[in-house]
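**Q** Just the structure for this:
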Amino acid sequence: MPNESVWGVLEKWELTGEMVPAMAQVIDQQLDDLMERELSEVESSVDTKPHLAFARLTRLISFLNAALMRRPSIIRRLEKWVQKVKAVANALGKKLGANGFSIGVGLPIGVSIDLSFPII
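**A** Numbering: from 1, shown residues only. Predicted structure coming up:
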């Protein structure tokens, strides 16, 4: 998979649900492109299609978590994206009526974004 694009890997992962080490390597190599494009897409959809934006953000985080299980070193590379993820999650939370959100990294290795909503 040396010449594979991260978009091809995303498509394969969505179709099969499987993440193999070679796929995770492609994600690691093209992480900045993936994050820039996907977070920009989420950000541009927040005001007009917030539920679609939330689904896309969830898909991105799930995809990253699948790769992290095969290549834990990716987590260090995500550090530079935390502020952008935080800004997108904040805007999305406000649009969906959440009263807060949290971003976490836990074990087994994974990233999570939680939105909290008031109980009426």
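**Q** okay, residue 109: pLDDT?
**A** pLDDT for residue 109: 73.
**Q** same check, this time on the one 5 residues further on
**A** pLDDT, residue 114: 91.
**Q** residue contacts, residue 34?
**A** Counting by Cβ atoms under 8 Å, 6 or more residues apart in numbering, residue 34 touches 6, 10, 27, 60. (C-beta placed from N, C-alpha, C; glycine too.)
**Q** Which parts of stretch 9-20 count as buried, going by neighbours?
**A** Going by neighbour count (16 or more other Cβ atoms under 10 Å), the buried part of stretch 9-20 is 9-10, 12-13, 19.
**Q** Let's see which of the contacts of residue 34 end up in strands.
**A** Among the contacts of residue 34, no member falls in strands (criterion: DSSP state E).
**Q** of the residues you listed, closest to residue 84?
**A** Each of the contacts of residue 34 was checked against residue 84 using Cβ to Cβ; the closest is residue 60, at 11.6 Å.
**Q** Correct me if wrong: that closest one contacts residue 36.
**A** No: using Cβ atoms under 8 Å as the test, residue 60 is too far from residue 36 to be in contact (11.5 Å).
**Q** Compare the two and say which one has the larger neighbour count.
**A** Neighbour count, other Cβ atoms under 10 Å: between residue 60 and residue 36, residue 60 has more, with 22 against 12.
**Q** any idea which element residue 69 lies in?
**A** helix 50-70 (DSSP states H and E).
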